[in-house]
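**Student:** predicted model, plus sequence, below.
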Amino acid sequence: MQCHSRIEVQALDQHQLLDALGKLLNPPPGEEFSSFVTTALREQLEAKSVIIGELAPGATELQVRAGNPLESLPEKIQLEGVFEALLEGKSGTLTEGQLRGAVAPLSDHKSAITAPLIDPYGQCAGAILVFFDRPLVNKETIAGILSLIAPRIAEEMERKQAEELILQATEEIDHFSTSLKEIHRLNVTDYSSLEALFQDYLQTGCRIFEMDGGILLQKDKESVEIIQKTEVLDDSTEFSKEMEEVISRNSTVTFNADQMQDAGFTFWVGSPVSLKEDTPAVIAFFSRQPGGAPFELFHQEILELMARSISSEAQRRQALKRIQSLKKQQDGDYFLTSLLIRPLNQPDFHSENHKIECIAHQKKTFSFRHWKEELGGDLATAHSLTLQNRPHVALFNADAMGKSMQGAGGALVCGSVFTSIIKRTRKNPVLQKYSPERWLKHAFLELNDVFHSFDSSMLMSVNLALVDESSGTLYYIIAEHPLPVLYRKGKARFLPDPYHYRKLGFQSQQSDIVITIQALCPGDCLIMGSDGRDDIMLPDSAGSSYMNEDENLFLRIVEEVDGDPTDLMEALLARGELTDDLSVLHLKCLAHSVPNLSKLARELHKQSLEAYQLQSYHEAYRHSLEALQLDPSLSDALRVSTFCAKMLGRVRESADLGERLFLRNPDFFPNTIHLSNVHYLLGNLERSRTLLARANQQKPDHPTGRKMKELLRNKEASLSA
């Protein structure tokens, strides 16, 4: 270092003093400020030694930061006593006698001058001490020099401290950032097992915290179990006390060398983790070497992040394991339910004049062991049965409320009841004497009664129908189910549903049941389908999708595929994404048993009308029955036959025929009042009164109604007499 010209303390003018001090406080590039100043002061003042030190807030020991010669100076200087004035922020001059109370080697000096270094807050942050091996006569001048340079030294010391703090903070941020990257790596790594995850966390923690080892502990009842560790530990090593402390505080806890003497550790830190429910656990790291890297606050934050990450992953895996177990059990339940539903969706019919196909596509698919199955609430099936010595096919298309298991439960109940009705009809000759209208009514009411018992918690939409095998006459009743479609000669249209019944289970048990009739011609296609045929997510030009709200879309698709069921399903699947179960029952009328059936039936009906007008009731009755035999859809032939049967004294036959007509058209007044009279003649007074009340609603104060009312009044009077 290039030395300045000596400061002549006794004869310096102000200009020379300021020039010397300026040079003193501006070290050349590369020189450390405090070292340069202490060396320069020692040379310029011909001092024995010069010391610059820092004083922490509230401390009484001065930490030596620079000095000359530094190798012969202490690391710390106790200010209480000899250098008491510095603690009060005052300068001081010390004689040889006063210095004798200081620690060696300071006590060997003859004199000393001290000056405090005051920080911007007015507190003493350090001091500059100049020691001489001679008594001083120019104390005021030297004290003045120190007072002039002390603020610059204090400023430089504060800058140095700030730089050190910034550097320390930068290092901590870098370390923290690196640690976060490590934790991110741990979080995104797909470990084959929890053991592999635990081991990686412990090894990573040892690197981050510069520890010798890591361990994962779990308290099982009264003992502490080692779940994972990074190195072999002595079997006698116990961590019960440390673990209890962490668990009781539920926070990170550290132990120093004095507290860990028995285990031979110089440092131990642990944080709580949650590996199992109601089973406390701790992740801990320890060091055996003295003087290791300090465990800072940000290290604790990293450790707690690791603990939370381990807890989250362990709980996620346990939850996933429970979910997989539940899913396996659920899939087993699904599989069993699908096995129960499968036979209910199997058609059981024989038909020479009709081709029938039943398709059910359930939205919910699942795997159980090596089986792949579907589960849902849609049913589509057909069964052969005989009614009034005529072959019929019962058509059944239903959709249960709810998805997956809930819907499947409804389908299971509904399908079981319907199958029971079919089998009962096949075995019971009495039921086989029912007319198609009556059979449909009782089947519908029985299904509704079953679902009504569930108090609206299980509902079912249904399309229940019968088709006469010989004539193609279709009888049907709909309960909140999509309308059936008739495809005829290249044109598709919805069949009517004039009475709009509510779902099975909602329908009132006192509701009047009306059967709708439709004649099917050879070449006609009847298509029943659940609402899955309309619930399609359609793509748009923007690349997104929207729910179809056009019920006529299904009609257009039917026309596009010419009514073919296989092409129909493919077209529906190609049009968009199905969002619900989809079932389709497709019937194609191939032929009638009698050629030109409709023409012959209309001709016979015409003859019956002519005979009826001539009051030739026997002939009219015979022709009307023959017309009905050919084409049961002729409701007017029913009217003629029931009226003629009454005139011929065949009252019971008249009642049966009239009830069939009533089920088709309950608002036809002539039949209603006629049927009331027929039941009166049969002695069914309650039914007669019910029908009379309905007739009076249709045509109040009608002469025939007044007459019927008088007959019932007289009959009741005679019975009560």
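**Tutor:** Nice, I can see it. Numbering: from 1, shown residues only.

**Student:** three-state assignment of F255?
**Tutor:** Going by DSSP: H, G, I helix; E, B strand; the rest coil, the secondary structure assigned to F255 is strand.

**Student:** please apply the same query to R660.
**Tutor:** Once three-state DSSP is applied, R660 turns out helix.

**Student:** that one: neighbour count?
**Tutor:** The number of residues packed near R660 is 21, by other CB atoms under 10 Å. In short, each C-beta sits where N, CA and C put it, glycine included.

**Student:** what sits against it?
**Tutor:** Residues counted as contacts of R660 (CB atoms under 8 Å, 6 or more residues apart in numbering) are 435, 437-438, 638.

**Student:** what residue ranges in the stretch 151-300 of the chain score low on pLDDT?
**Tutor:** 172, 235-236, 291-292 (pLDDT under 70).

**Student:** now with 80, please.
**Tutor:** Counting by pLDDT under 80, the low-confidence segments of the stretch 151-300 of the chain come to 162, 164-180, 220-223, 231-238, 261-264, 277-278, 290-294.

**Student:** which ones are touching M157?
**Tutor:** Contacts of M157 (CB under 8 Å, 6+ apart): 34, 52, 54, 65, 117, 125-126.

**Student:** narrow the contacts of R660 to those in helices?
**Tutor:** Under the assignment DSSP state H, the contacts of R660 contribute 437-438, 638 to helices.

**Student:** tabulate those residues (a markdown table), appending neighbour count and distance to K241.
**Tutor:** A markdown table is the format used below for the ones in helices among the contacts of R660 (neighbours: other CB atoms under 10 Å; distance: CB to CB, whole Å):
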| residue | neighbour count | distance to K241 |
| --- | --- | --- |
| E437 | 24 | 88 |
| R438 | 19 | 86 |
| L638 | 26 | 97 |
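
**Student:** would you mind identifying the next helix or strand past the longest helix that the chain contains?
**Tutor:** In the chain, assigned by DSSP H, the helix with the most residues is helix 139-188. Using DSSP states H and E, the next helix or strand after helix 139-188 towards the C-terminus is helix 194-209.

**Student:** now do that next one: which elements does it pack against?
**Tutor:** Packing contacts for helix 194-209, counted by 3 or more CB pairs under 8 Å, 6 or more residues apart in numbering; DSSP states H and E, involve helix 139-188, strand 213-220, strand 223-229, strand 279-287, helix 297-341.

**Student:** does T672 touch T690 like I think?
**Tutor:** No: with contact defined as CB atoms under 8 Å, T672 does not reach T690; the gap is 10.0 Å.

**Student:** pull the most distant pair out of the contacts of R660.
**Tutor:** R438 and L638 (12.9 Å; CB to CB).

**Student:** which residue ranges form the strands in the stretch 401-550 of the chain?
**Tutor:** Assigned by DSSP state E, counting those that start in this stretch, the stretch 401-550 of the chain shows strands spanning 460-468, 473-479, 485-488, 491-494, 516-519, 525-529, 536-539, 545-547.

**Student:** report the distance from the first one to the chain centre.
**Tutor:** Computed by CA atoms, centre = their mean, to the nearest Å, the chain-centroid distance of strand 460-468 equals 38 Å.

**Student:** with the shortest one instead?
**Tutor:** Using CA atoms, centre = their mean, the distance from the centre of strand 545-547 to the centre of the chain it belongs to is 22 Å.

**Student:** do stretch 373-389 as well
**Tutor:** With CA atoms, centre = their mean as the basis, stretch 373-389 stands 36 Å off its chain's centre.

**Student:** helices of the stretch 451-600 of the chain, start to end?
**Tutor:** Taking DSSP state H, counting those that start in this stretch, the helices of the stretch 451-600 of the chain run over residues 552-560, 565-575, 597-613.

**Student:** helices and strands around the last one, which ones?
**Tutor:** So the one you mean is helix 597-613. For helix 597-613, the elements it packs on are helix 617-630, helix 635-647, judged by 3+ CB pairs under 8 Å, 6+ apart.

**Student:** cool, the second one as well?
**Tutor:** Under the contact criterion of 3+ CB pairs under 8 Å, 6+ apart, helix 565-575 touches strand 354-361, strand 536-539, helix 552-560, strand 582-589.

**Student:** helix 552-560 and that helix, what's the angle between them?
**Tutor:** Relative orientation of helix 565-575 and helix 552-560, computed by axes from the mean of the first three to the mean of the last three CA atoms, to 10 degrees: 130 degrees.

**Student:** now helix 565-575 - C-alpha only, PDB.
**Tutor:** Once non-C-alpha atoms are left out, helix 565-575 reads as follows in PDB (Å, rounded to 0.1, in the frame of the first residue of the first chain):
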ATOM      1  CA  PRO A 565     -82.600 -50.200 -37.200                       C
ATOM      2  CA  THR A 566     -78.900 -51.000 -37.600                       C
ATOM      3  CA  ASP A 567     -78.300 -47.900 -39.800                       C
ATOM      4  CA  LEU A 568     -80.400 -45.900 -37.400                       C
ATOM      5  CA  MET A 569     -78.100 -46.600 -34.400                       C
ATOM      6  CA  GLU A 570     -75.000 -45.900 -36.500                       C
ATOM      7  CA  ALA A 571     -76.500 -42.600 -37.700                       C
ATOM      8  CA  LEU A 572     -77.300 -41.600 -34.200                       C
ATOM      9  CA  LEU A 573     -73.800 -42.400 -32.900                       C
ATOM     10  CA  ALA A 574     -72.300 -40.600 -35.900                       C
ATOM     11  CA  ARG A 575     -74.400 -37.500 -35.500                       C
END
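
**Student:** and it, what's buried?
**Tutor:** Using 16 or more other CB atoms under 10 Å as the test for burial, helix 565-575 gives 565, 568-569, 571-572, 575.

**Student:** so how far is it off the chain centroid?
**Tutor:** Centroid displacement of helix 565-575 relative to its chain, using CA atoms, centre = their mean, is 32 Å.

**Student:** do the longest one as well
**Tutor:** Its chain's C-alpha centre lies 66 Å from the corresponding centre of helix 597-613 when counted by CA atoms, centre = their mean.

**Student:** mind putting the contacts of R660 into TSV with pLDDT and distance to L712?
**Tutor:** Formatted as TSV, those follow (pLDDT from 0 to 100; distance: CB to CB, whole Å):
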residue	pLDDT	distance to L712
S435	95	27
E437	96	26
R438	96	25
L638	95	25
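
**Student:** starting at the chain centroid, how far to stretch 664-675?
**Tutor:** Offset of stretch 664-675 from its chain centre (CA atoms, centre = their mean): 57 Å.

**Student:** quick one: contacts of it?
**Tutor:** With CB under 8 Å, 6+ apart as the contact definition, stretch 664-675 has outside contacts at 437, 512, 514-517, 635, 638-639, 642-643, 646, 655, 658-659, 661-662, 691-692, 694-695, 698-699, 702, 704-705, 708.

**Student:** are any of those buried, and which?
**Tutor:** Buried by 16+ other CB under 10 Å: 437, 514-517, 638-639, 642-643, 646, 655, 658-659, 661-662, 691-692, 694-695, 704-705, 708, out of the contacts of stretch 664-675.
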